[in-house]
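In: Predicted model follows, preceded by the sequence.
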Amino acid sequence: MKTWIAFWNILKKDINNYYLKPPNISWGIIFPLSWTLMQIIRSSGGLNLSEIREILPGLMAMSILFGTTSMLAVTITFERKGRSFERLLLAPISLGAMVAAKLSGAILFGVFNAFVPLIFAAFFIDLTGIGWGTVLLAVLLIAVTSTLMGLMIAVSAKEVFEAQTLSNFFRFPMLFLCGLFLPVSSLPDFLRPLSYLLPLTYGTDMLSGAIIGRSMLSPVVCTIILLIFAAVLFTFCHYNIRRKWIV
């Protein structure tokens, strides 16, 4: 019971202190929204309504990616610099529970961001026929794995700008490698193996199957792979926190 109370209070603190800070607003909401507008309103100035549904899976995945990694870059790095993270490490809860509480805020933020382009697209196209159960599962799994990748980066950074720079080093290549806007099948042969090593590829594939009915793998296979990624990333981050921040 005490663990759940501590979990909730850590999450509540992050919501009150970090979620609406300018870095998270700009990278988590405004940036994906601007990409949505850019994709919808082409250079000709007209609305390509027939293509909105095609780009929706990529826009949702990108919104989650930038929202979650931006959140972790701010919360973890800022608290380490201010030494408030050390106080959390002294709390009478397990390290795993404390890390899970910090991750939960970014996961919720990522899930929220995923529906920014979806809600915006609803004003232009008919969203009937979407597999909402698969969409929700994919959004959650992408948020979890992206948050863990953000934590992996934040563990190695000492400043917020350093964490953001490291995040961009991974985020922008993933826009092109994970099938967000360019199908994996159209990538050069030497790049495809790299795509399959990134969890975002499988989450985007699930979204594509649920929204536009076109995917490489079944949702079950993608779910299993994403769960494996989540378990490996959490274990790795947990180990690194113990090695770099405690010992």
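Out: Sure, I can see it.

In: residue ranges with poor pLDDT in the chain?
Out: Along the chain, segments meeting pLDDT under 70 span 1, 20-29, 32, 36, 39-50, 74, 78-92, 157, 160-161, 244-247.

In: what's the residue closest to the geometric middle of it?
Out: In the chain, the centroid-proximal residue (Cα atoms, centre = their mean) is residue 65; its distance is 3.2 Å.

In: Am I right that that one is in contact with residue 171?
Out: Yes: at 6.0 Å, residue 65 counts as touching residue 171 under the criterion of Cβ atoms under 8 Å. Glycine gets a C-beta too; all of them are placed from N, C-alpha and C.

In: for the strand or helix carrying residue 118, which positions count as buried?
Out: If you go by DSSP states H and E, residue 118 is part of helix 95-122. Neighbour counts using 16 or more other Cβ atoms under 10 Å place 98-118, 120-121 of helix 95-122 among the buried residues.

In: what do you get for stretch 216-225?
Out: For stretch 216-225, by 16+ other Cβ under 10 Å, it's 216-217, 219, 222-223, 225.

In: Count the residues that sit near the closest residue to residue 162 other than its chain neighbours.
Out: Using Cβ to Cβ, 6 or more residues apart in numbering and skipping residues adjacent in sequence, the residue nearest residue 162 is residue 77, 7.5 Å away. For residue 77, the tally of surrounding residues (other Cβ atoms under 10 Å) stands at 23.

In: how far does the helix or strand encompassing the residue nearest to the centre of the chain sit from the chain's center?
Out: Element membership for residue 65 (DSSP H and E) is helix 49-81. Distance of helix 49-81 from the chain centroid (Cα atoms, centre = their mean, to the nearest Å) equals 5 Å.

In: Return the list of helices and strands in contact with it.
Out: helix 22-25, helix 31-40, helix 84-89, helix 95-122, helix 132-156, helix 160-177, helix 199-211 (3 or more Cβ pairs under 8 Å, 6 or more residues apart in numbering; DSSP states H and E).

In: Report all helices and strands that the following helix or strand past the last one contacts.
Out: Which is helix 199-211. Remark: after helix 199-211, the chain's next helix or strand is helix 219-241, criterion DSSP H and E. Where contact means 3+ Cβ pairs under 8 Å, 6+ apart, helix 219-241 is packed against helix 95-122, helix 132-156, helix 199-211.

In: and residue 55, which of the ones you listed is closest to it?
Out: Among the helices and strands packed on helix 219-241, helix 95-122 comes nearest to residue 55, with 8.7 Å by Cβ to Cβ.

In: tilt between that closest one and helix 199-211?
Out: Relative orientation of helix 95-122 and helix 199-211, computed by axes from the mean of the first three to the mean of the last three Cα atoms, to 10 degrees: 40 degrees.
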